[in-house]
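Peer 1: Any chance you could fold what I've pasted below:
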Amino acid sequence: MNKLKFLKINGLKFVTVVLLCALTTCTLMLSKGSTLFIVSQIQTSVEPKFAKHCFDEFCDERLEAGPVKVEENASSSWMWTLLIALIFPDVLSFVQSGFMMFTLGRSRPNISCIFITLFSKIAQTIGTCILFFIALPELSAAEGAIVTAGLLLKCFIDARKKRSWIDVFAVSCQFGTLILWVALRSHHSQIWSLPIGLFLSSLGWWAAWLPQTDADDTNGPCGVFKKMRDLSKKTEVNRKEKHCLNLIVSLCKIITALTFCFASSELRNILPKYEMKASYEKTFQTVTMPGQPGFGIPLNETLDVLNMVCIPNNLPTTTTIRSEKLQVKINGESVRTGVNVAYPDEDDCTAYWKRDCSYFPPNLPYPSLNYVICPKGKGFGSNISDFVCINMETCCQPLNETDCGSRTKYTGSCLNVDSVERSFKFPNDSSEFRNESGDFIWSLVLEESAIIIYPIVALAIQISSTYLAYWLCYFACQSQVQRECFAIPISLSQILLLVMLLFMCREFSADPCSYKGYFPSGIFFNCNERTFKSFFEHNWMFILVSLSQAWITIQIWFPKSEKLAQDIFVDSFYESLLIEQSMIFRLFQNKKKDKKDKEAMKEAGALPRVIGCATMWHETKQEMELLLHSVMDMNEDPQDNFTWKQRIFFDDAFEDNGCVNEYVLQLFEAMHRVHQKRKIVEPPTPILKDTSYGGSITWQLHNTKGHDGTKVVCHLKDKNKVRKKKRWS
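Peer 2: Numbers count the residues shown, from 1 in each chain. Next up is the predicted model:
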């Protein structure tokens, strides 16, 4: 029975750890992936970014003809999205700190503490803005992932006691890779932004890994570690002062981010206006050149009101008009010139020429010829001229029901994505459709507008996933599963995200419609790499960075945080755009347990006290044993940060003769049996005591895991001493 229970408990723990690890990994990947997606939409110059668009199966000829011109005003929406994602944790910190100051009272920290903290945090905010608003938009998403994962100058915050050649190698990899990678990116227009952004964004975590006790005598070269440790001590504050400090720091970070965003956009002239919009309008402008109208289609025509026919201008002298048959005979050739006639486009099956001259002022030279593009998926259903379909409004038929013959180009179906036909007037002046050489040069410009709401969707995903990832990491460290549910997800998520981005970019480069159902046309990650091989050929040096990072952050695999500890991370909240690094370098790794302080706090009653309460009356032996097993489990659990006591209130515990009843005796047997099942040789001796309400029984459980055994006190109610139904517990 004990083995089965052991397997069930440990099996449940294993499943919980696996699920927590998987969920943390997914949220971290989603957080950084959404961040890189937003960054990919930021433009760094006045000219809009070129984006690949996905068109349907009839658009092959259009794509071969040239790229689609896209004019859009999207920068304002995407930059506001990135800015809100950046300052969201600071807004939360500002609100939380303000509320705590209002409820707990105000206590201002010293000036040196405020100055040092403000300097490091403002520098970090400026560095993050430079990195994400200037440097990363010109890189591919995969390069952005490895830059933010492995190039944050972590050597500045590694201050362990023992230095070795491995430390020197790790630091060399950090600096060497940065210099080499910057040198190879000469095409980057703002190459200075990468090293400066990386350096400044690292300053905010300078004190996270410094030794926190006076016993550590690591001074470092020229005493730099000792000086940094002295600065770190100046930033130590109590709980009330911490709320005041966080309030000031959060407000200054928000102001810094807003100022940088507006100043940078103004200096680089990349935003025409600063509208804060959740969506934007995107306009597709496409230029197409229809084929020359076929033989027999009059180009310039006037209206003969008397005969209700279209008379072409400059007709040959041998022209005869026969209005009763709606025909014009030119040089012996009969040409249909009725009021409404449709002619097929000799090349494109999805468009046709339409002549309509029944609605123009009489005797006024005016073009009556129109070029009509069928709706998406439809084409002109006849290979010869047709005057019936116009009156019946059946000229455009589904392409799968249309005999296109030699008209194999399907440009029109790509141009017109509406559900109705689009008509364009043919010009009256020949200079508008012929050049000096007499070539046919008439072209059309089509526009299509769409309202894009994806910035607000991407922002919601980024904020929610980052916030959830932070609390999952916090819960993992607090529950003492830091290695399984914090270190593994932090390391694994960055590798999985890089592989996923490379795979998606390879598929997207080959076919822009690969992710048609998941991403809108023209909105995707920045992709410069077509294959895995080409990526690693240009970024091979990051293998060394990965090894350097694994060594510098090795302490996350050796947890020191205590169970249910409150100060898991330094500062108040996370850095939303650098969530993995924020979690790694804000982890309070150097807080050492001090047993003397713990004992003093216990004696002073400063530790939280947890009292378990249970009531009994006529419970069965199995129910009593189940309760006592839970008490024993709590007794075996480490109690470093709290004290635990158990109280049992037993109603109607005495017989009329003053002796305890059978259920109290049953509790004695249950206590003895529970100790036997747990193979405890000497069960605790109960201490009996008379009280004003009846009596009490006290068991002092055995000591375990560095703390005194739990005291279990059972209060016995005597109904002769306490009035019936009187609340006494």
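Peer 1: Tell me the helices and strands packed up against the helix or strand containing Leu86.
Peer 2: Using DSSP states H and E, Leu86 sits in helix 75-104. Contact analysis of helix 75-104 by 3 or more C-beta pairs under 8 Å, 6 or more residues apart in numbering; DSSP states H and E lists helix 2-40, helix 239-268, helix 454-478 as its packing neighbours. C-betas here are computed from N, CA, C, even on glycine.
Peer 1: rerun that using 6 Å as the cut-off
Peer 2: Counting contacts by 3 or more C-beta pairs under 6 Å, 6 or more residues apart in numbering; DSSP states H and E, helix 75-104 packs against helix 239-268, helix 454-478.
Peer 1: average pLDDT across it?
Peer 2: Per-residue pLDDT values over helix 75-104 give a mean of 88.
Peer 1: Spell out the residue ranges of the strands in the stretch 401-550 of the chain.
Peer 2: Taking DSSP state E, counting those that start in this stretch as the test, the strands found in the stretch 401-550 of the chain are 422-425, 444-452.
Peer 1: weakest of those by average pLDDT?
Peer 2: Mean pLDDT across these is lowest at strand 444-452; the value there is a mean of 71.
Peer 1: what about the residue nearest to Leu628 when sequence neighbours are not counted, which helix or strand?
Peer 2: Spatially, and ignoring its direct neighbours in sequence, Leu628 is nearest to Val674 (4.5 Å; C-beta to C-beta, 6 or more residues apart in numbering). Taking DSSP H and E as the definition, one finds Val674 inside helix 662-677.
Peer 1: Tell me which strands whichever helix or strand comes after that helix pairs with, and in which orientation.
Peer 2: On the C-terminal side of helix 662-677, the nearest following helix or strand under DSSP H and E is strand 687-691. Using DSSP bridges, the neighbouring strands of strand 687-691 in the sheet come out as strand 694-700 (antiparallel).
Peer 1: what's in contact with the helix or strand just after the strand it pairs with?
Peer 2: Downstream of strand 694-700, the next assigned helix or strand under DSSP H and E is strand 711-717. Contacts to strand 711-717, defined as C-beta atoms under 6 Å, 6 or more residues apart in numbering, come from residues 645-651, 653, 693-700.
Peer 1: Mean confidence (pLDDT) on strand 711-717, please.
Peer 2: Per-region confidence: strand 711-717 scores 93 on mean pLDDT.
Peer 1: quick one, it and helix 662-677 angle?
Peer 2: For strand 711-717 and helix 662-677, the angle between their directions (axes from the mean of the first three to the mean of the last three C-alpha atoms, to 10 degrees) works out to 160 degrees.
Peer 1: how about strand 711-717 as PDB, C-alpha atoms only?
Peer 2: Listed in PDB are the C-alpha atoms of strand 711-717, where the atom choice follows Å, rounded to 0.1, in the frame of the first residue of the first chain:
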ATOM      1  CA  LYS A 711       3.400  19.800  18.000                       C
ATOM      2  CA  VAL A 712      -0.100  18.300  17.600                       C
ATOM      3  CA  VAL A 713      -2.600  19.400  20.200                       C
ATOM      4  CA  CYS A 714      -6.100  17.800  20.500                       C
ATOM      5  CA  HIS A 715      -8.600  19.800  22.500                       C
ATOM      6  CA  LEU A 716     -11.300  17.700  24.100                       C
ATOM      7  CA  LYS A 717     -14.700  19.300  24.700                       C
END
